[in-house]
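Student: what's the 3D shape of this:
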Amino acid sequence: MTLCFFGDGASSQGTFHESLNLAALWTLPVVYVCENNGYGEMTAARNAVAIENIADRAAGYGMPGTTVDGQDVLAVYRAVSEAVERARSGGGPSLVETKTYRFDNHAIGLPIENYRPQEEVEHWVLNRDPLELFRAELTERGWDDVALKEIEEEVAQEIEAAVEFGRSSPPPPPEAVFIHVFTNPAGFAMSREER
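Tutor: Here you go, the predicted model:
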């Protein structure tokens with residue numbers, strides 16, 4: 001089965017609708033996960049999407065659509081797990097919409113920063129950080145702070161090692177851009193495994 005991730009902006013593109021239609025028609029094992037952060041680049045979804053919940057679009061293709069709090073790790077896990085099980089058991093595609101928020105701009109270095117009210121950003125950062133919400137959930141379930149700190153340190157070391165690996169690795173050759181894609185317009189020679 002396949003998990004397909006995209007944002008709220010992409011849900012208004014033709015390829016989104018064509019893909020859902022074919023997946024439903026062919027009963028494909030696909031779970032579409034819309035990360036609805038309320039902004040397609042710098043345009044508020046309320047100004048670009050005619051419905052409140054993108055998951056409601058699933059009904060037009062005869063598939064289930066679910067909207068969950070994207071800041072709630074466990075709610076996302078449950079919704080996606082249910083859709084994955086449906087796909088794997090031959091039930092076809094599903095659309096899961098996670099209502100979330102991006103704390104930073106659409107792209108690093110984007111010079112435009114005033115398209116979102118500062119109070120809105122602060123509200124989400126201070127009150128709806130999914131890591132902090134999940135930490136509080138774990139604490140409520142009896143996890144102690146020492147165990148959580150150990151996990152955080154382990155993850156920080158893993159990330160640091162991955163960043164160092166990336167920085168110390170040689171740059172890939174130009175033809176690598178065409179590995180595992182459906183076209184090779186530059187005509188680079190590739191092995192069968194790379195295609």
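
Student: Where does pLDDT dip in the chain?
Tutor: Across the chain, the ranges flagged by pLDDT under 70 are 182-195.

Student: Which residue ranges of it form helices?
Tutor: Taking DSSP state H as the test, the helices found in the chain are 14-25, 73-88, 118-127, 130-140, 145-168.

Student: so which of these gets nearest residue 108?
Tutor: helix 145-168 (14.9 Å; C-beta to C-beta). In short, each C-beta sits where N, CA and C put it, glycine included.

Student: I'd like to check what contacts the closest one. Which residues are they?
Tutor: Counting by C-beta atoms under 8 Å, 6 or more residues apart in numbering, the neighbours of helix 145-168 from elsewhere in the structure are 135, 138-139.

Student: Repeat the analysis, applying 6 Å as the threshold.
Tutor: Residues from elsewhere that reach helix 145-168, judged by C-beta atoms under 6 Å, 6 or more residues apart in numbering: none at all.

Student: Then stretch 75-90?
Tutor: Residues from elsewhere that reach stretch 75-90, judged by C-beta under 6 Å, 6+ apart: 1, 29, 31, 66, 68-69, 94, 96, 98.

Student: could the helices of the chain be laid out in JSON lines, adding mean neighbour count?
Tutor: Below are these laid out as JSON lines (neighbours: other C-beta atoms under 10 Å):
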{"stretch": "helix 14-25", "mean neighbour count": "15"}
{"stretch": "helix 73-88", "mean neighbour count": "16"}
{"stretch": "helix 118-127", "mean neighbour count": "11"}
{"stretch": "helix 130-140", "mean neighbour count": "13"}
{"stretch": "helix 145-168", "mean neighbour count": "10"}
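
Student: JSON lines for those, including distance to residue 174?
Tutor: As requested, these are arranged in JSON lines below (distance: least, C-beta to C-beta, whole Å):
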{"stretch": "helix 14-25", "distance to residue 174": "27"}
{"stretch": "helix 73-88", "distance to residue 174": "36"}
{"stretch": "helix 118-127", "distance to residue 174": "39"}
{"stretch": "helix 130-140", "distance to residue 174": "37"}
{"stretch": "helix 145-168", "distance to residue 174": "18"}
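
Student: Residue 59: which of those helices is closest?
Tutor: helix 14-25 (10.6 Å).

Student: Dump the C-alpha coordinates for that closest one into CSV.
Tutor: The C-alpha trace of helix 14-25 is given here as CSV (Å, rounded to 0.1, in the frame of the first residue of the first chain):
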residue,chain,number,x,y,z
GLY,A,14,-6.5,18.7,-10.8
THR,A,15,-4.0,15.9,-10.2
PHE,A,16,-5.4,15.4,-6.6
HIS,A,17,-8.9,14.9,-7.9
GLU,A,18,-7.8,12.7,-10.8
SER,A,19,-5.7,10.6,-8.5
LEU,A,20,-8.5,10.1,-6.0
ASN,A,21,-10.9,9.2,-8.8
LEU,A,22,-8.6,6.5,-10.3
ALA,A,23,-7.7,5.1,-6.9
ALA,A,24,-11.4,4.7,-6.0
LEU,A,25,-12.3,3.3,-9.4
